[in-house]
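Novice: sequence below, structure please.
(chains A and B)
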Amino acid sequence: MTTATASPAVLPTLRLGLARGWITYRSLLTTREGLFQTVFWNAVPLVVLILNRGSTLGDTGLSLSAALLPGILAIGLAFGVMGTAYSLSAEREDGTLLRAKAVPGGMSSYVVGLCVAAALDGLLSILIVLVPAMFIVPGVPVGDAVFWLGLAGWVALGLVACLPLGILVGSVIRSPRVIGGLGFLATIGLAMLSGLFFPVQVLWGWVQVAVQAFPVYWLGLGLRSSFLPPEAVAMEIGGSWRTLETIAVLGAWAAVGLLLGPVLLRRMARRESGSAVEARRQQALQRT
Amino acid sequence: MDHHMGATMLENVEEPDPVVRVRGLRMRYGSTDVLRGLDFDVRAGEVVTLLGPNGAGKSTTIEILEGFRERSAGEVRVLGVDPARGDERWRSEIGMVLQSWRDHGKWKVRELLAHLGAHYARFSEPGRRRPIDTDELLATVGLADRRDQRIASLSGGQRRRLDVAIGIVGRPRLLFLDEPTAGFDPEARRDFHDLVHRLADDEATTILLTTHDLAEAERLADRILILAAGRIVADGSADQLARRVAGRSEIRWTRGGERFVHSTDDSVAFLRELLGAPGEEIHELEVRRASLEDTYMAMVHQHEDGPLPGRTRVEGVPA
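Specialist: Numbering: from 1, shown residues only, chains lettered A, B, ... in the order given. Down below sits the predicted model:
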């Protein structure tokens, strides 16, 4: 009966994963706290943009809000990654993962669903910020098809590079509370040092090297290359947008994530069982 | 729903391949032996209860059979396959009722059942439509009027019924139930027992459940395996197990306003002597044969406290 190899069933799995991602995301967004968090965390950068809409960046003549916008979008995606990591570890704790494991093909559709939900979250955050920003921030080249293509490309590449990273973090770090606290701070710290809001050249050389190992820096650089006028390139390292390097580094992260992610997920899933979930439940109940 | 022959028919059929076959199963965590060599079979259509005190290894056994835990040694076949190597098709034949906690709390009842059920659609066969229709199943477990409610807002009993629905949505051949009624009130427990009987009778589902509730084991199981200290110490129907210590009876009586209890192997001789003896009149005489509970306590204590003799077999139970 089971000797015949089951067909890989890629399409049903994708369809189930898409449905799962959509239900997960919609279910979260339609709770009061989910809606509040989405609105609140996206309203903060909008307020920053509004407050800075008249300022210019030093003597470059570049609008300060225009210079901040790509960084804000990048940090939105970076938090999406942390969100994925958080969901993964929280859902391991609460038994969601075990349920997925108990149905045939459930782990695959679970992972697809996780990515779809994170992508929806990332895209919605971008829309919430970008649409009003087009009216607030001077100089967004909204009439330029190349700009939109570039934006779509960076966002897509950024998601593919960052999501597997979220899965890596979520499968290695066991406690959702560690990810929610420490991970949140680490993401903010990394984003701050990654040239999203001020040029990295003002920092020590080793910090510059270190942040360039992470995808956030490159995502910010790519987005700036699309959003900012050509003369702004003068503020970048080497006076170049380094587009090919950006694609290479983000692509490398995506590859690492896509190769390691399934391995780590499988390892993590293998350890799930009813008693493992029950043990964590007892622990969590003692804590609260 | 498919109507198969009930369990009665199956007893007469030679079943060459049991649904579950376990030989010499051992599990060791570090230096602790949790399972010390289990041997048992579960045949098609049977409802078998794994009964034992906490820490006896019930959940470990079930998790090994579910393919969720690697064993240290021994041979295990579930539906003919080693659970450590079961593929998705194998997985689709197995249902399990997991203890839910907070998972999918924001999802609606119907959404989750339909989503999980959809995973079985590609394993449908002619004459065996999978999954079970979502609304039909919600009605069966009594959640039809909760279908659009978020799962987090369900009561404990309602959640448990959803767990059961999820466990059977794919029409499994074999269903695992690990402590299924822990925390149930008596009514929910009875409803659940009815549901298990229906599954076993109407769908010919083979069921293996764990419990430490004797009454539950007695009500549900065709056969009871008592697990103590990592071994199966008894194997038989509730009646057979009770008869195992049947010689022993408990006799209670009142004499002169004072209550007495005596436990004996030969109740007839003792009663003859008691009634024939001179003295005050005897009232409220009561003779009670050993119950499953007595058997259970006797066996568990014998095996957990004392040195371990071999497995005790109940007479009349085939190997």
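
Novice: would you list the phi and psi of B:Asp41?
Specialist: Phi and psi for B:Asp41, reported as degrees, to the nearest 10, are phi -120, psi 150.

Novice: one more: B:Ala73?
Specialist: When read as degrees, to the nearest 10, the backbone of B:Ala73 gives phi -160, psi 160.

Novice: model confidence for it, exactly?
Specialist: pLDDT recorded at B:Ala73 is 95.

Novice: let's verify the residue nearest to it when sequence neighbours are not counted: helix, strand, or coil?
Specialist: Closest residue in space to B:Ala73, ignoring its immediate chain neighbours: B:Arg26 at 4.2 Å, by CB to CB, 6 or more residues apart in numbering or on different chains. Every C-beta, even on glycine, is put in place using the N, C-alpha and C of the backbone. The three-state assignment at B:Arg26 reads strand, by DSSP: H, G, I helix; E, B strand; the rest coil.

Novice: how many residues are close by B:Arg26?
Specialist: Residues lying near B:Arg26 (other CB atoms under 10 Å in any protein chain shown) number 15.

Novice: shaky segments in the stretch 1-150 of chain B?
Specialist: For the stretch 1-150 of chain B, the stretches flagged by pLDDT under 70 are B:1-16, B:100-101.

Novice: which residues of it fall in helices?
Specialist: Shown for the stretch 1-150 of chain B, the helices assigned by DSSP state H, counting those that start in this stretch span residues B:7-12, B:58-66, B:88-92, B:109-118, B:134-140.

Novice: mind putting these in TSV, distance to B:Gly170 and mean neighbour count included?
Specialist: As requested, those are exported to TSV (distance: least, CB to CB, whole Å; neighbours: other CB atoms under 10 Å in any protein chain shown):
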stretch	distance to B:Gly170	mean neighbour count
helix B:7-12	21	12
helix B:58-66	14	23
helix B:88-92	6	23
helix B:109-118	7	22
helix B:134-140	11	17
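
Novice: for A:Glu91, find the nearest of those helices.
Specialist: Closest approach to A:Glu91 among those (CB to CB): helix B:109-118, 13.2 Å.

Novice: what helices or strands is the closest one leaning on?
Specialist: Helices and strands touching helix B:109-118, by 3 or more CB pairs under 8 Å, 6 or more residues apart in numbering or on different chains; DSSP states H and E, are helix A:10-29, helix B:134-140, helix B:156-168.

Novice: that older thread, in JSON lines: the helices of the stretch 1-150 of chain B, plus distance to A:Gly21.
Specialist: JSON lines is the format used below for those (distance: least, CB to CB, whole Å):
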{"stretch": "helix B:7-12", "distance to A:Gly21": "43"}
{"stretch": "helix B:58-66", "distance to A:Gly21": "27"}
{"stretch": "helix B:88-92", "distance to A:Gly21": "20"}
{"stretch": "helix B:109-118", "distance to A:Gly21": "11"}
{"stretch": "helix B:134-140", "distance to A:Gly21": "20"}
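
Novice: of all the ones you listed, which lies closest to A:Thr13?
Specialist: Of all the helices of the stretch 1-150 of chain B, helix B:88-92 sits nearest to A:Thr13, with 9.9 Å by CB to CB.

Novice: can you redo the helices and strands packed on helix B:109-118 as JSON lines with distance to A:Val39?
Specialist: Compiled in JSON lines, these are given as follows (distance: least, CB to CB, whole Å):
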{"stretch": "helix A:10-29", "distance to A:Val39": "10"}
{"stretch": "helix B:134-140", "distance to A:Val39": "33"}
{"stretch": "helix B:156-168", "distance to A:Val39": "31"}
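
Novice: highest average neighbour count across those helices?
Specialist: Mean neighbours per residue, mean count of other CB atoms under 10 Å in any protein chain shown, is largest over the helices and strands packed on helix B:109-118 for helix B:156-168, with a mean of 21.

Novice: tell me the secondary structure at B:Leu208.
Specialist: Classified using three-state DSSP, B:Leu208 is strand.

Novice: weakest of the helices and strands packed on helix B:109-118 in terms of mean pLDDT?
Specialist: helix B:156-168 (a mean of 89).

Novice: any idea of the angle that one forms with helix B:109-118?
Specialist: Angle of helix B:156-168 versus helix B:109-118, following axes from the mean of the first three to the mean of the last three CA atoms, to 10 degrees, is 20 degrees.

Novice: what does helix B:156-168 contact?
Specialist: The contact list for helix B:156-168 (CB atoms under 8 Å, 6 or more residues apart in numbering or on different chains) reads A:99, B:95-100, B:109, B:112-113, B:116, B:132, B:137-138, B:140-143, B:146, B:151, B:154, B:175-177, B:180-181, B:183-185, B:188, B:191-192, B:195, B:199, B:205.

Novice: can you flag the buried ones in the residues you listed?
Specialist: Buried residues within the contacts of helix B:156-168, defined by neighbour count using 16 or more other CB atoms under 10 Å in any protein chain shown: A:99, B:95-100, B:109, B:112-113, B:116, B:132, B:137-138, B:140-141, B:143, B:146, B:151, B:154, B:175-177, B:180-181, B:184, B:188, B:191-192, B:195, B:199, B:205.

Novice: centre of the chain to stretch A:146-156, how far?
Specialist: In terms of CA atoms, centre = their mean, to the nearest Å, the centre of stretch A:146-156 is found 16 Å from the chain centre.

Novice: flag every buried residue along that stretch.
Specialist: Applying 16+ other CB under 10 Å to stretch A:146-156 flags A:Gly150, A:Leu151, A:Trp154, A:Val155 as buried.

Novice: again with stretch A:163-177
Specialist: A:163-171, A:173, A:175-177.

Novice: do stretch B:66-78 as well
Specialist: So for stretch B:66-78, counting by 16+ other CB under 10 Å, buried means B:Glu66, B:Gly67, B:Phe68, B:Arg69, B:Arg71, B:Gly74, B:Val76, B:Arg77, B:Val78.

Novice: could you dump those residues to JSON lines with distance to A:Ser275?
Specialist: Below are the buried residues of stretch B:66-78 laid out as JSON lines (distance: CB to CB, whole Å):
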{"residue": "B:Glu66", "distance to A:Ser275": "11"}
{"residue": "B:Gly67", "distance to A:Ser275": "14"}
{"residue": "B:Phe68", "distance to A:Ser275": "9"}
{"residue": "B:Arg69", "distance to A:Ser275": "8"}
{"residue": "B:Arg71", "distance to A:Ser275": "14"}
{"residue": "B:Gly74", "distance to A:Ser275": "19"}
{"residue": "B:Val76", "distance to A:Ser275": "18"}
{"residue": "B:Arg77", "distance to A:Ser275": "22"}
{"residue": "B:Val78", "distance to A:Ser275": "18"}
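
Novice: what's the closest of these to chain A?
Specialist: Among the buried residues of stretch B:66-78, B:Phe68 lies closest to chain A (CB to the nearest CB), at 3.9 Å.

Novice: which residue sits closest to the closest one in space, ignoring its chain neighbours?
Specialist: B:Phe68 sits nearest to A:Ser273 (CB to CB, 6+ apart), 3.9 Å away.

Novice: tell me the contacts of that neighbour?
Specialist: A:Leu98, B:Glu63, B:Glu66, B:Phe68, B:Arg69.

Novice: is it true that the second one touches A:Val277?
Specialist: No - the pair B:Glu63 and A:Val277 fails to qualify as a contact (CB atoms under 8 Å) at a distance of 10.9 Å.
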